[in-house]
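>>> sharing a sequence plus its predicted fold:
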Amino acid sequence: MVKEQLRPIITLNVNGREYELPVGEGVNEISPSETLVHTLRDRLGLTGAKLGCGQGVCGCCTVIMEGKAIASCVTLTLDCEGARITTIEGLADTATGELNNLQQAFVDKCGFQCGYCTSGIIMAAQALLDENPFPAEAEVREALAGNYCRCGTHYTAVDAVMTCVEKNREV
Amino acid sequence: MKSFKHVRPSTISEVSSILNKEKAVMLAGGTDLLGVLRERILPAYPDKVVSLSGLDELKYISEEKGVLKIGAMTTLNELEKSDLVKEKLPVLTEAAHSIASPILRNSATVGGNLCQDTRCWYYRYPHSIGGRVNCARKEGNLCYAMMGENRYHSIFGAARVNDPPCREKCPACTDIAGYMEKLRTGDIDGAAQTIMDVNPMPAITSRVCAHFCQEGCNRLRYDESLNIGSIERYVGDYILANADRFMKAPGSEKNKKASIVGTGPAGLTAAYYLRKHGYSVTMYERMKEAGGCLMYAIPAYRLPKDIVRRFVAALENMGVEIRCGVSVGTDGLSMEEIYQKSDCVMLDTGTWKRPLIGVAGEELTRFGLDFLVDVNNFIHERPGADVIVVGGGNVAVDVAITAKRLGVPKVSMVCLEKREEMPAGIEEIERVLEEGVDLVNGWGPKRILHGPGGVNGVEFKKVTSVFDKAGKFAPRYDEEKLMEVKGDVVLMAIGQKADLGFLEGEFQVETERGRIKAVEGSNTSVEGIFAGGDVTTGPATVIQAVTAGRNASVSMSEYMCGDLDITSPAPCLHRFDPISRRRDPAVKQRVATTSERSLEKEDASGISETDLQKEIARCFNCGCMAVNPSDLSNVLIALDAFIVTNMRRISAESFFTTDTRVPRTLEPGEIVLEVEIPLPAKETILRYDKFRLRKSIDFAVLSLATAYTVRNGYIADARVVLGAAAPIPMRMYDVERFLIGKIPSEAADEAAELALKDALPMENNSYKIDIAKVLMKRSLAF
């Protein structure tokens, strides 16, 4: 009750940048029923996260929130107050635009085909690598168990992640 | 998604108070609820979503004195990754790992998993694509899974979430599917009791009822409706034949006295329930015999008077005093006297008076109802040679057919309504035509034609419409278009009025449109006087009167003693006969051919025992076949866990089996806070086996949670819970008992057979039986 009246705005920290967004039923306001994927794509222009099934099943909308890979299509934006969120747009170097190791590995290993699911897969893998920089292949497969690829790039995607792991080891 | 208000309270009491006051739902991880909201699955869309994400105090896993405690907002990922859980209860780690996908487990919570909605694909069918699917779990009453795709559905029968359509349509709310199920198990006494809980006279209603129940029957979409009427008649006749057992005098007396004026179906019903509960009941009837319309208005060929007499006699044997031939208000017995002598009074005086409609020459016509009463009083005289019946309702039908059967050569029945608008039922109209009555639709009487010898016909005017735009009765005519029908007798069967003459004087019972005004609870405006039946509603069906009588008895009992014995039945799984999926035609009663028919002999005969068995097997026993999708539920029951809410501590077993819609188990404002799991003994072998199509994301096709305590190679204690096999997690008590004292590997085969012996698969999911057997055997392979 209190929050409804005193906080007509919501604060999100996306890719290191603070956003203060108005909450309400107006055109430019975040509706209480709006999911995070819509806020990211339609309001912040971060279209890397894709809307797939809308049920949290396919993994296309995966973003990292507070260190965990989550399905942004089954997360209400209003439940993300103050949360630190990373989308695929936040992985590359902001100054130079250089891709991070994982992204580069996907390019190198051709870990994608049409690309619709790829940002979700990369974000799920990134969350794993943030927690554990040297996972075994079985752990990578497990972490990607919630990401579908209709083109069938699962093997090359896992290959790309493992390549990145090897590269991390060299550093 | 349709919008709602969003709140994120930081205390449990705040959440509880919002849930108590508003149309709100709780949102934990959101992975289930947001899909449900988006597709508008819930019966009512909430105004408010109460997010629990602010309740950090509910995120914990701890061990205290041999009990593992898990906060409801702990995510499934946290549960899966917890070292404490891995060490103490690896089975829980395994179960958590089996749920959904890693991404979803990061958001989904333990509490949410326990309270999630079912995953049936018919139930989940999006409202936005082509509208709602009729579903027994939503506001509908059909389960497509029964004949359709049913991988994620029961192999042990259905659960009632809503009333099946037959019960919903029945004015008395008879548990029709319930008594069919009892009949299938051979429990005819139980079936009889089920009916008598709401209707003491099935022998009568089965013969005269319009059987609204059959109009709703889900079999209509498949082949033809279940012949509920004939089955009810069979049970009804059984009750009458064993009236000494079913209609016994009460064990103890309440020493309160109820009086009932009128002995129609409403009064008789009220008398039955009042007497059954120990009240002393006296009934007053102005006619020679009790029964009201049952005795005097309904022709004997539909309802033999012997049936009514036997029912009345059974009531008298219960100790109901029936005083016939007493006209209250005129025969020296005043309403006041009755009122003074009784603790309460019920009026069931019916509608026996003729309404005047203002047609010229109306005084020369005869009231159809009086004609029926005369015939039932054995005055079997032909009313004339050429009879005109005016009216289109069931009474008009009875009048026309009775006239015909008295030997009148020509009977014309003229009514305002078009054939499809007639208030008489389809069967009734067919019967009229069969008997050779000349049915003329769409004309209203203008004047009665008469000469010196008396009536010689009726002049009718053309009806342009019967109902107004709002559907109210407001006939309009074309006064120019006229028609003459010749006849020497006119029988009017257009409406009946209540005769409230006996009330005048000291009783100011409020009336409305010539009827007694009964408010909720069958009360009239005078304290201690109740009313029911046609005198309050106007002419209605017998089953409506029975319902009114039962309701009146409840109100009267409450008024006199203030107590009511209402018991809600325990939830159970509802079984059907697999034969029901065959397209067998319904069994029909034999109806006398037109040449065999007479005034006195009943037209329809009952069905045989063999036919009864055939017909009861056709009932689908409609319910919801969806299973509980939670994986944790099965494991928690096997572990004998408890669910702690802000109000109570419930065993996991009753939490998941009290209602198939788990959130309905919770009281308003109740929130699941914690799961408490007593750590099992060291030698307990725990296992959760989940059969599914894909390793990640899928719900169980079947799952089995087991906890075996083994000592010296023998099973000392066993808990076996089969998941995704029934609308509730199935605890296999028989198997548990069987396993005690057995060597696991040796008992496996027999345990598997025992576990599935009562399985009741549907057409496309019998393979689940074999899967379950394999899971069962596997659980004992150690």
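Thanks, I have the structure now.
>>> now do the contacts for A:S72.
Shown here is A:S72, whose contacts under the criterion CB atoms under 8 Å, 6 or more residues apart in numbering or on different chains are A:T35, A:L36, A:V37, A:L40, A:A49, A:C61, A:T62, A:V63. All C-beta spots, glycine's among them, are computed from the backbone N, C-alpha and C.
>>> from those residues, which land in strands?
By the criterion of DSSP state E, membership of the contacts of A:S72 in strands covers A:T62, A:V63.
>>> and chain B, which of the contacts of A:S72 reach it?
A:T35, A:T62 (CB under 8 Å from any CB of the partner chain).
>>> strands of chain A, residue ranges please.
For chain A, the strands defined by DSSP E cover A:9-14, A:17-22, A:62-65, A:68-71, A:84-86.
>>> now those as CSV including mean pLDDT and distance to A:N101?
Formatted as CSV, these follow (pLDDT from 0 to 100; distance: least, CB to CB, whole Å):
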stretch, mean pLDDT, distance to A:N101
strand A:9-14, 96, 22
strand A:17-22, 96, 22
strand A:62-65, 98, 16
strand A:68-71, 97, 17
strand A:84-86, 98, 15
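>>> so which residue is dead centre in chain A?
Residue closest to the mean C-alpha point of chain A, counted by CA atoms, centre = their mean, is A:V63 at 2.0 Å.
>>> is it true that it touches A:M123?
Yes: A:V63 is within contact range of A:M123, at 5.8 Å (criterion: CB atoms under 8 Å).
>>> on that earlier part again, for B:G291, see how far away the residue nearest to the centre of chain A is.
Summarising the geometry, the distance separating A:V63 from B:G291, computed by CB to CB, to the nearest Å, is 76 Å.
>>> beta partners of the residue nearest to the centre of chain A?
In this structure, A:V63 has beta-bridge partners A:I70, where bridges are defined by DSSP bridges.
>>> identify the residues contacting A:E66.
The contact partners of A:E66, taken as CB under 8 Å, 6+ apart, are A:A83, A:R84.
>>> so which elements touch the longest helix belonging to chain A?
With DSSP state H setting the assignment, residue counts place helix A:154-170 as the longest helix in chain A. Here helix A:154-170 touches helix A:101-108, helix A:118-131, helix A:137-143, going by 3 or more CB pairs under 8 Å, 6 or more residues apart in numbering or on different chains; DSSP states H and E.
>>> deepest of the ones you listed, which one?
helix A:118-131 (a mean of 24; mean count of other CB atoms under 10 Å in any protein chain shown).
>>> touching that one from outside, list them.
Identification of contacts with helix A:118-131 by CB under 8 Å, 6+ apart yields A:48-50, A:52, A:58-64, A:67-69, A:86-88, A:91, A:102-103, A:106, A:111-112, A:135, A:139-140, A:143-144, A:146-147, A:149, A:153, A:157, A:161, A:164-165, A:168, B:102-103.
>>> rewinding a little: spit out the contact partners of the residue nearest to the centre of chain A.
A:L36, A:L40, A:A49, A:A69, A:I70, A:S72, A:I85, A:T86, A:T87, A:M123.
>>> residue in the stretch 451-600 of chain B nearest to chain A?
In the stretch 451-600 of chain B, no residue comes nearer to chain A than B:L573, which is 29.3 Å away by CB to the nearest CB.
>>> try chain B
For chain B, CB to the nearest CB, closest residue to chain A: B:S101, 2.6 Å.
>>> give me the number of residues near that residue?
28 (other CB atoms under 10 Å in any protein chain shown).
>>> wait, it sits on A:G146?
Yes: with contact defined as CB under 8 Å, B:S101 counts as touching A:G146 (2.6 Å).
>>> what do these two both touch?
Common neighbours of B:S101 and A:G146, using CB under 8 Å, 6+ apart, are A:V57, A:G59, B:S696, B:I697.
>>> so, low pLDDT: which residues of chain A?
Using pLDDT under 70 as the threshold, the predicted model of chain A has low-confidence ranges A:1-7.
>>> domain map for the chain?
Answering for chain A, as no chain was given. A:2-90, A:101-170 (automatic domain parsing).
>>> wait, I meant chain B there
Taking automatic domain parsing as the domain assignment, the record places the domains of chain B at B:5-118+B:626-779, B:165-245+B:568-616, B:250-352+B:498-561, B:362-492.
>>> dump the ones you listed into TSV; add mean pLDDT and distance to A:L21 as well.
Listed next are those as TSV, based on pLDDT from 0 to 100; distance: least, CB to CB, whole Å:
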stretch	mean pLDDT	distance to A:L21
domain B:5-118+B:626-779	95	14
domain B:165-245+B:568-616	92	46
domain B:250-352+B:498-561	91	51
domain B:362-492	92	49
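>>> same list (these) but as CSV, adding distance to B:P126.
Output for the domains of chain B, formatted as CSV (distance: least, CB to CB, whole Å):
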stretch, distance to B:P126
domain B:5-118+B:626-779, 4
domain B:165-245+B:568-616, 22
domain B:250-352+B:498-561, 38
domain B:362-492, 33
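>>> coming back round to it: tell me how far the residue of chain B closest to chain A lies from B:I448.
For B:S101 relative to B:I448 (CB to CB), the value is 82 Å.
>>> need the contact list for the nearest residue in space to A:T35 that is not next to it in sequence.
Nearest residue to A:T35, sequence neighbours excluded (CB to CB, 6 or more residues apart in numbering or on different chains): A:C73, at 5.4 Å. A:C73 is in contact with A:T35, A:L36, A:V37, A:L51, A:G52, A:C53, A:G54, A:Q55, A:G56, A:C61, counting by CB under 8 Å, 6+ apart.
>>> hmm, 7 Å instead?
The neighbours of A:C73, taking CB atoms under 7 Å, 6 or more residues apart in numbering or on different chains as the test, are A:T35, A:V37, A:L51, A:G54, A:G56, A:C61.
>>> looking at the residues you listed, state which has the most neighbours.
With neighbours defined as other CB under 10 Å, the most crowded of those is A:C61; it has 31 neighbours.
>>> tell me how many other residues crowd residue 53.
Let's take chain A. Using other CB under 10 Å, A:C53 has 15 neighbouring residues.
>>> that was the other one, I meant chain B.
Other residues within reach of B:S53, judged by other CB under 10 Å, total 22.
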